[in-house]
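Trainee: only geometry, no sequence info:
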């Protein structure tokens with residue numbers, strides 16, 4: 001019999017690319033995860049991972065086991081969810097930033113919903129400050145949101161790449177006496193970062209366009225109404241990224257955090273695992 005906890009740690013190590021990050025995802029210390037992998041290798045009688053410093057990758061035997069491990073874990077979670085929700089009722093309240101809602105995450109959520117017909121997904125795209133607040137209030141079960149880098153508490157975090165952008169066809173004069181800004185309403189992390197960056201170098205600014213809609217901000221930038229700060233996944237083909245040569249260096253002091261409520265259900269934690277896999281893939285692609 002294969003131990004599901006050992007398999008879960010094995011899958012986490014492979015997907016996270018190391019023991020430390022895997023430990024964060026399965027809520028174990030690095031040494032505990034390492035011991036679990038050793039137990040699994042002893043049980044199977046095969047070396048499952050190549051360990052090269054901080055880099056970890058599966059051996060040929062590990063590759064073969066990986067697909068079986070994922071299927072066993074998925075089946076176990078499905079059985080557990082069905083037995084805990086015998087009447088088919090239950091919902092997962094998920095909060096995500098608007099740029100994630102428009103960036104392939106809907107496909108993941110659709111697949112998750114189809115694989116869990118007894119559960120109802122209640123997904124809300126909103127500003128990160130609202131998502132963090134509502135998670136703390138117990139109005140969300142799990143959330144992905146942007147925050148200042150280095151804050152404590154999360155299942156996982158990923159550094160975010162954000163850039164100053166202008167219109168490709170109608171670029172704003174970057175040397176204007178007052179920089180026209182485009183952004184979300186007061187309280188937005190990007191808006192605060194833009195204002196701080198300008199004021200720290202003595203640049204005057206004014207809000208040229210404010211919107212609670214990401215698509216509205218993207219359109220205003222493309223039309224040449226002003227400058228904005230956008231994440232890499234939100235930058236469009238009719239935008240031009242400004243660089244330090246233009247006087248606008250990237251702002252890399254934000255991160256994406258994944259958090260769940262303290263009493264999150266097994267189905268919610270399973271969804272959190274899928275979200276973590278998605279973010280790991282996005283991060284790897286951007287690297």
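Mentor: Arrived safely, thanks for sending. Everything quoted here is computed from the prediction, not taken from an experiment. Numbering: from 1, shown residues only.
Trainee: List the contacts of stretch 47-57.
Mentor: When contacts are defined by Cβ atoms under 8 Å, 6 or more residues apart in numbering, stretch 47-57 is touched by residues 10, 13-14, 17-19, 37, 40-41, 58-59, 61-62, 65. Where C-beta positions appear, they are placed from N, C-alpha and C, glycine not excepted.
Trainee: which secondary element of the protein has the worst mean pLDDT?
Mentor: Every helix and strand of the chain was ranked by mean pLDDT, DSSP states H and E. The lowest is helix 19-26, at a mean of 75.
Trainee: Could you point out the helix or strand that follows it?
Mentor: Sequence-wise, the next helix or strand downstream of helix 19-26 (DSSP states H and E) is helix 30-44.
Trainee: in that following helix, what's buried?
Mentor: Across helix 30-44, burial judged by 16 or more other Cβ atoms under 10 Å covers 33, 34, 36, 37, 40, 41.
Trainee: mean confidence score for the following helix or strand past that helix?
Mentor: The C-terminal neighbour of helix 30-44 among helices and strands, as given by DSSP H and E, is strand 49-52. Here strand 49-52 scores 84 as its mean pLDDT.
Trainee: centre of the chain versus strand 49-52, how much separation?
Mentor: Offset of strand 49-52 from its chain centre (Cα atoms, centre = their mean, to the nearest Å): 27 Å.
Trainee: Name the residues of that strand that are buried.
Mentor: For strand 49-52, by 16+ other Cβ under 10 Å, it's residue 49.
Trainee: repeat for stretch 130-140
Mentor: Neighbour-count burial for stretch 130-140 flags 130, 131, 132, 133, 134, 135, 140 (criterion: 16+ other Cβ under 10 Å).
Trainee: Export those residues to JSON lines and append columns for distance to residue 254 and pLDDT.
Mentor: Converted to JSON lines, those look like this (distance: Cβ to Cβ, whole Å; pLDDT from 0 to 100):
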{"residue": "130", "distance to residue 254": "16", "pLDDT": "91"}
{"residue": "131", "distance to residue 254": "14", "pLDDT": "94"}
{"residue": "132", "distance to residue 254": "13", "pLDDT": "93"}
{"residue": "133", "distance to residue 254": "17", "pLDDT": "93"}
{"residue": "134", "distance to residue 254": "20", "pLDDT": "94"}
{"residue": "135", "distance to residue 254": "18", "pLDDT": "94"}
{"residue": "140", "distance to residue 254": "20", "pLDDT": "95"}
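Trainee: Those in helices, which ones?
Mentor: 130, 131, 132, 133, 134, 135 (DSSP state H).
Trainee: from memory the third one sits against residue 147, does it?
Mentor: Put plainly, it is residue 132. Yes: proximity of residue 132 to residue 147 meets the contact threshold set by Cβ atoms under 8 Å, at 6.8 Å.
Trainee: biggest helix in this protein by residues?
Mentor: Looking across the chain with DSSP H, the single longest helix is helix 60-84.
Trainee: how close does residue 129 get to residue 212?
Mentor: Using Cβ to Cβ, to the nearest Å, residue 129 is found at 12 Å from residue 212.
Trainee: between the two, which one's more packed in?
Mentor: More crowded of residue 129 and residue 212, by other Cβ atoms under 10 Å: residue 129, with 17 against 12.
Trainee: which ones are touching the more buried one?
Mentor: By Cβ under 8 Å, 6+ apart, the contact set of residue 129 is 187, 188, 189.
Trainee: Tell me the buried residues within those residues.
Mentor: Buried, going by 16+ other Cβ under 10 Å: 188, 189, out of these.
Trainee: So which of the contacts of residue 129 belong to helices?
Mentor: Among the contacts of residue 129, DSSP H puts residue 189 in helices.
Trainee: Could you dump the contacts of residue 129 into TSV with pLDDT and distance to residue 90 added?
Mentor: Shown next, in TSV, are these (pLDDT from 0 to 100; distance: Cβ to Cβ, whole Å):
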residue	pLDDT	distance to residue 90
187	82	32
188	86	33
189	86	32
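Trainee: Having no further points to raise, I will conclude here.
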